[in-house]
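model this:
(one chain, ligands or ions: 2)
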Amino acid sequence: MAIEVKNVSFFYSIGTPFEKKALENISFSLEMGENMGILGPTGSGKSTLIQLLNALLIPTKGEVLIDGLNTRERKNGSKIRELVGVVFQYPENQFFEDTVYEEIAFGAKNLRLSKEEVDRRVREAIAVVGLPEAILDKSPFELSGGEKRKVAIASILVRKPKYLVFDEPFAGMDYPGTEALVKFLKSLRGTVSLIVVTHTLDELLGLVDKIMFLDNGKMKAFGPVKDIIHFEELRKYVPLAELISLLEQKGLNFQLNTFELDHLEEEIVRNVLFS
Ligand SMILES: Nc1ncnc2c1ncn2[C@@H]1O[C@H](COP(=O)(O)OP(=O)(O)OP(=O)(O)O)[C@@H](O)[C@H]1O
Ligand SMILES: [Mg+2]
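Ligands and ions are numbered 1, 2, ... in the order given. Below you'll find the model as predicted:
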């Protein structure tokens, strides 16, 4: 089972003077269990692409299939939204319930679950994101930024999606917060397929198997991290990829079995000290 995107183009406001091509002829597939990063500059079509994955948007041309279900067919909509959970940028801005419990439980609505099952899932989700049960009775509005983000993630996890999509999850987070979130996302590996949209490469290293690079609605590259990192056009936008390439050109010999930032630091130190 997989996500299959076939020759997809998407236009906003088609047939009006405001018509805007956001994506052009995108094709890729992602197997269940694989994790993927989507990189690209502002306006490159990243958010548009993920809205096509959970049938919030329907392709202008081409097809999106989620485990074989075509997003174009209306009857598949609710099943697709069950399979694909999307955590939007600043999801905490969309809170509206009085308590954290209700906020998370709301995510499980429309799944036709018993009250007991919802309760079980709410408590499980809160534990997975690493929040104490005592937080369930609080108002979501009185939490810190990081706690709010965790509640927002729990409200998607409660649906038990197979494919979990994050649109810029690190936006507005400090470095320790980002590191903690990366660690959490890594802990989900194997239980879901992650799709993570971000501007920067750093957080994706060691987290995803494949990276897509979008620019101006076009897919400029898609493949395993170790190949993509050397891609010329990516280096223009991603200082870290530029740094790795420059150091390699200088003769530094990286022994990176994973591309995690910590490993990279160790490798640079090792090379500098022992060259
Ligand atoms: N609702 C909309 N109506 C018209 N055009 C839109 C709409 N949403 C996005 N666009 C346009 O489509 C293109 C792709 O936008 P999208 O939001 O997918 O980019 P993005 O890569 O997510 O950018 P960012 O990094 O800033 O979030 C942009 O040129 C944008 O102006
Ligand atoms: Mg976006």
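
quick one: the helices in the stretch 101-250 of the chain?
Per DSSP state H, counting those that start in this stretch, the stretch 101-250 of the chain carries helices over the ranges 115-128, 145-157, 175-188, 225-228, 232-237, 239-249.

per-residue pLDDT of residue 256, please?
On the pLDDT scale, residue 256 is placed at 58.

Three-state assignment for the residue lying closest to residue 161 once chain neighbours are set aside, please.
With sequence-adjacent residues excluded and distances taken as Cβ to Cβ, 6 or more residues apart in numbering, residue 161 is closest to residue 85, at 3.2 Å. Bear in mind the C-beta positions are built from the backbone N, C-alpha and C, glycine included. Judged by DSSP: H, G, I helix; E, B strand; the rest coil, the three-state class of residue 85 is strand.

residue 85 and residue 164 touch, don't they?
Yes: here residue 85 reaches residue 164: they are 5.2 Å apart, a contact under Cβ atoms under 8 Å.

give the residues shared as contacts by those two.
By the contact definition Cβ atoms under 8 Å, 6 or more residues apart in numbering, residue 85 and residue 164 are jointly contacted by 156-157.

ok, back up a step: tell me which of the helices of the stretch 101-250 of the chain lies nearest to residue 13.
helix 232-237 (27.4 Å; Cβ to Cβ).

mind listing what's buried in the closest one?
Neighbour-count burial for helix 232-237 flags 234-235, 237 (criterion: 16 or more other Cβ atoms under 10 Å).

may I have it exported as PDB, CA atoms only?
In PDB, the C-alpha atoms belonging to helix 232-237 read as follows (Å, rounded to 0.1, in the frame of the first residue of the first chain):
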ATOM      1  CA  GLU A 232      23.300  21.300  -7.400                       C
ATOM      2  CA  GLU A 233      20.000  23.300  -7.200                       C
ATOM      3  CA  LEU A 234      19.300  22.200  -3.700                       C
ATOM      4  CA  ARG A 235      22.600  23.600  -2.500                       C
ATOM      5  CA  LYS A 236      21.500  27.100  -3.500                       C
ATOM      6  CA  TYR A 237      18.700  27.000  -0.900                       C
END
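
chain center to stretch 174-188: distance?
13 Å (Cα atoms, centre = their mean, to the nearest Å).

out of the helices of the stretch 101-250 of the chain, which is the most enclosed?
Neighbour counts (mean count of other Cβ atoms under 10 Å) averaged over each of those peak at helix 145-157, with a mean of 23.

can you list the low-confidence ranges for the chain?
254-261, 274-275 (pLDDT under 70).

ok, now which ones touch residue 253?
residue 271.

which single residue of the stretch 51-200 of the chain ends up nearest ligand 2?
In the stretch 51-200 of the chain, the residue that lies nearest ligand 2 is residue 167 (5.9 Å; Cβ to the ion).

just to revisit the earlier point, ok, and of the buried residues of helix 232-237, which contact ligand 2?
Near ligand 2, judged by Cβ under 5 Å from the ion, there are no entries from these.

adding distance to residue 60, write these out as JSON lines.
Output for the buried residues of helix 232-237, formatted as JSON lines (distance: Cβ to Cβ, whole Å):
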{"residue": "234", "distance to residue 60": "27"}
{"residue": "235", "distance to residue 60": "31"}
{"residue": "237", "distance to residue 60": "26"}
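
same list (the residues you listed) but as CSV, adding distance to ligand 1.
Converted to CSV, those look like this (distance: Cβ to the nearest ligand atom, whole Å):
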residue, distance to ligand 1
234, 15
235, 19
237, 11
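
rewinding a little: how far away is the residue of the stretch 51-200 of the chain closest to ligand 2 from residue 155?
To residue 155, residue 167 is 15 Å away according to Cβ to Cβ, to the nearest Å.

and residue 59, that one's in a strand?
No: under three-state DSSP, residue 59 sits outside any strand and is assigned coil.

for it, which non-adjacent residue is closest in space?
Using Cβ to Cβ, 6+ apart, the closest residue to residue 59 is residue 8 (4.5 Å).

and if you look at residue 57?
Nearest non-adjacent residue to residue 57, counting by Cβ to Cβ, 6+ apart: residue 51, 4.3 Å away.

separation between that neighbour and residue 204?
20 Å.

of those two, who's got more company?
The residue with more neighbours, out of residue 51 and residue 204, is residue 204; 26 against 18, by other Cβ atoms under 10 Å.

any idea which helix or strand carries residue 268?
Using DSSP states H and E, residue 268 falls within helix 261-274.
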